[in-house]
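Visitor: only the shape, not the letters, is given here:
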């Protein structure tokens, strides 16, 4: 059976959820082989989780250089493995770093690149959700290997026990004169809230929140629901909330089980980043706000009375 | 310093965007087109380097006649000249084919020290063009830069993504992609707009780049689009006026949906 490569997305010795989704998708095409690129000792911490989610093999590529250069170590390791095992697909997490690895790997191996997939079937047909979910597109790579960057939160990750047999592979020597050297790495600390793109509930505030201080109304409701906090572009541009929480065309695309929009009018810009949410609830003073056109449940009213009341109601049921 | 800035004309994200039925590509005619905002920041960054020292700034784009507007805007901001790859054959190119075309176009500019690009276009959203072009040219790519300095043959950037921040350095020639925070692009002045009309724009076809039609466009792409469908429109559900119990009503709804 064909080996399907999955580049493990990990930070601080922990596997990101997206990796389990990719292992699940990979199993539809063959036997998933996880590829760990990291500093020495990384794979030991990850192997149990990978084997529990269907990784038959774990390729261990460990070197201090793994964190000292930008995307090059991952591309080099994967390119060597593509050459060796001719996989029908290589799956990489769809964040900024992953897409860079995927794009470069596709060039290096002359393979078709399916970017931002939300589904993949056993015939290598991929599904994209584009223009903020306005269209779904089916496409496939015409090459022997498809390079796939995967959008997290798209499918249910399945647990399946597998061998997880480790094999050490080399991180090829890096040509320093042609590579970008990295220092002072600092992962973004998200605090106790779930990550925006991985959260099953998102509570977001817009211009109607009115100030940075007022965002605590949004945060309090979010915390009662164990939700991530998001913000519209208008709120970010006004300085109410940091840029990395922006939801919309120029920010993040989210697709949670529940999206609560507080004081967000719902311009196309914003809807493009959240309209594939399973259930949408909106609170806005303006009964004509476009957000109501896509909301499953809308309250025309003042978010400063509605949101705290909802927080209290959620608390009662917790 | 010889600087190339890659720009792209994109459908305005504030307008509705759609795909063409025939060849399943982005329907660029049906929506308003603008110079992608992130590209203006790339142009601005190049102009800052030019103003701080000595540099020639060349705009490079691949696109139809409509991309001329984006080229003119970049020139009116202060870039010196432009290369516009305008060829029917590139229509439908996937990300890799596009990267090949752009890499070849950069090659026509001469001894380039630095290529600047936006970190992610609002239409294709591959977010990896700088890395791919670097890969083709064999140059390092420094991506998602929120700060850039170039000195003594080295480019240094402060990189910021959703995943974290870091410092990145590499020897020139190099490709740098800029992020939203890097600068505030200038508005073209009246003088700049007038001057742009006289600046040289060389229009090239793919044969001028030494490429064959089979290497680009739909024919040269390694991905084929099989079908597409608009998402069924989501209709609004209930909308109620708050009568002092709005929060409680939402809670009831969420309970009904088994969400709390």
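Guide: Structure's in. What do you need? Bear in mind that the values here come from a model prediction, so they are computed numbers and not experimental data.

Visitor: buried set for stretch A:57-77?
Guide: Within stretch A:57-77, the residues that count as buried by 16 or more other Cβ atoms under 10 Å in any protein chain shown are A:57-63, A:65-77. (C-beta placed from N, C-alpha, C; glycine too.)

Visitor: quick one: contacts for residue 215?
Guide: Assuming you mean chain A. A:205, A:209, A:229, A:231, A:235, A:240, A:241 (Cβ atoms under 8 Å, 6 or more residues apart in numbering or on different chains).

Visitor: please refer instead to chain B.
Guide: Counted by Cβ under 8 Å, 6+ apart, residue B:215 has contacts B:97, B:100, B:206.

Visitor: if we can go back for a sec, among the contacts of residue A:215, name the ones in helices.
Guide: residue A:235 (DSSP state H).

Visitor: in strands, which of the contacts of residue A:215 fall?
Guide: Among those, the ones falling in strands (DSSP state E) are A:205, A:229, A:231.

Visitor: for the closest residue to chain B within the stretch 51-200 of chain A, give its distance to residue B:177.
Guide: Relative to chain B, the nearest point of the stretch 51-200 of chain A is residue A:103 (3.0 Å; Cβ to the nearest Cβ). For residue A:103, the distance to residue B:177 equals 11 Å [Cβ to Cβ, to the nearest Å].

Visitor: again, but for residue B:46
Guide: Distance check for residue B:46 against residue B:177: by Cβ to Cβ, it reads 13 Å.

Visitor: same deal with residue B:2?
Guide: Counting by Cβ to Cβ - residue B:2 and residue B:177 are separated by 18 Å.

Visitor: more neighbours: these two, which one.
Guide: Comparing residue B:2 with residue B:177 by other Cβ atoms under 10 Å in any protein chain shown, the one with more neighbours is residue B:177, at 30 against 15.

Visitor: and the more buried one, bridged to which residues?
Guide: Following DSSP bridges, residue B:177 is listed with bridge partners residue B:117.

Visitor: next up, the contacts around it.
Guide: Per Cβ under 8 Å, 6+ apart, neighbours of residue B:177: B:42, B:116-119, B:129-131, B:141-145.

Visitor: could you redo the last one with a cut-off of 6 Å?
Guide: B:117, B:119, B:130, B:143 (Cβ atoms under 6 Å, 6 or more residues apart in numbering or on different chains).

Visitor: confidence-wise, which of those comes last?
Guide: Looking at those by pLDDT, the weakest one is residue B:119, with 90.

Visitor: surely that one meets residue B:144?
Guide: Yes - counting by Cβ atoms under 6 Å, residue B:119 does reach residue B:144; the two are 5.0 Å apart.

Visitor: quick one on the thing from earlier: dump the contacts of residue A:215 to CSV, plus pLDDT.
Guide: As requested, those are exported to CSV (pLDDT from 0 to 100):
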residue, pLDDT
A:205, 97
A:209, 97
A:229, 96
A:231, 97
A:235, 96
A:240, 97
A:241, 95
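
Visitor: among the contacts of residue A:215, which one sits closest to residue A:187?
Guide: Residue A:187 has its nearest neighbour among these in residue A:229, at 18.5 Å by Cβ to Cβ.

Visitor: tell me the mean pLDDT for stretch A:65-82?
Guide: Stretch A:65-82 comes out at a mean pLDDT of 96.

Visitor: quick one: residues in contact with that stretch.
Guide: With Cβ under 6 Å, 6+ apart, stretch A:65-82 has contacts from A:5, A:37-39, A:61, A:90, A:100-101, A:104-105, A:108-109, A:145, A:171-172, A:174, A:179-180, A:182, B:168.

Visitor: ok but residue A:185 is inside a helix, no?
Guide: No - assessed with DSSP: H, G, I helix; E, B strand; the rest coil, residue A:185 is strand; it does not lie in a helix.

Visitor: now the strands: where do they sit in the stretch 51-200 of chain B?
Guide: B:56-62, B:81-85, B:114-118, B:141-151, B:154-161, B:164-171, B:174-178 (DSSP state E, counting those that start in this stretch).

Visitor: with the stretch 101-250 of chain A instead?
Guide: Under DSSP E, counting those that start in this stretch, the stretch 101-250 of chain A gives strands at A:112-120, A:126-130, A:135-141, A:146-150, A:165-168, A:181-187, A:201-205, A:228-231.

Visitor: circling back: I'd say the residue of the stretch 51-200 of chain A closest to chain B and residue B:131 touch.
Guide: Yes - at 5.3 Å, residue A:103 counts as touching residue B:131 under the criterion of Cβ under 6 Å.

Visitor: contacts only, for residue A:210.
Guide: Contacts of residue A:210 by Cβ under 6 Å, 6+ apart: none found.

Visitor: how about 10 Å then?
Guide: Contacts for residue A:210 (Cβ atoms under 10 Å, 6 or more residues apart in numbering or on different chains) come out as A:217, A:235, A:238, A:240, A:263, A:303, A:304.

Visitor: mind checking pLDDT for the closest residue to residue B:132 other than its chain neighbours?
Guide: Leaving aside its chain neighbours, residue B:132 sits nearest to residue B:99 (4.0 Å; criterion: Cβ to Cβ, 6 or more residues apart in numbering or on different chains). If you check residue B:99, the pLDDT there is 94.

Visitor: what do you get for residue B:18?
Guide: Residue B:18 is given a pLDDT of 68.

Visitor: what's the answer for residue B:36, then?
Guide: 80.

Visitor: try residue A:122
Guide: So, for residue A:122, pLDDT stands at 94.

Visitor: also residue A:300?
Guide: pLDDT at residue A:300 comes out at 97.

Visitor: give me every residue that touches residue B:155.
Guide: Counting by Cβ under 10 Å, 6+ apart, residue B:155 has contacts A:180, B:113-114, B:116, B:140, B:142, B:145, B:148-149, B:168-176.

Visitor: close enough to count as contact, residue A:188 and residue A:195?
Guide: Yes - the pair residue A:188 / residue A:195 is scored as a contact, 9.2 Å apart, by Cβ atoms under 10 Å.

Visitor: common neighbours of those two, please.
Guide: Residues touching both residue A:188 and residue A:195 (Cβ under 10 Å, 6+ apart): B:162, B:163.

Visitor: residues in contact with residue A:8?
Guide: Residue A:8 neighbours (Cβ under 10 Å, 6+ apart): A:15-16, A:18-19, A:22-23, A:34-38, A:42-43, A:46, A:49-50, A:55, A:58-59, A:92-93.

Visitor: the same query, at a cut-off of 6 Å, please.
Guide: A:19, A:34, A:36.

Visitor: what of residue B:131?
Guide: A:100, A:103, A:104, B:141.

Visitor: ok, of the residues you listed, which one's closest to residue A:86?
Guide: residue A:104 (19.0 Å).

Visitor: spatially central residue in chain A, please.
Guide: residue A:152 (3.7 Å; Cα atoms, centre = their mean).

Visitor: what is the three-state secondary structure of the closest residue to it other than its chain neighbours?
Guide: Leaving aside its sequence neighbours, residue A:152 sits nearest to residue A:18 (Cβ to Cβ, 6+ apart; 3.7 Å). Residue A:18 falls in the helix class when you classify it by three-state DSSP.

Visitor: in helices, which of the contacts of residue A:210 fall?
Guide: Mapping the contacts of residue A:210 onto helices (DSSP H) picks out A:217, A:235, A:303, A:304.

Visitor: dump those to TSV, plus neighbour count and distance to residue A:250.
Guide: Shown next, in TSV, are the ones in helices among the contacts of residue A:210 (neighbours: other Cβ atoms under 10 Å in any protein chain shown; distance: Cβ to Cβ, whole Å):
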residue	neighbour count	distance to residue A:250
A:217	22	25
A:235	30	13
A:303	30	24
A:304	16	27
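
Visitor: tell me the one among those nearest to residue B:224.
Guide: Set against residue B:224, the nearest of the ones in helices among the contacts of residue A:210 by Cβ to Cβ is residue A:235 (40.2 Å).
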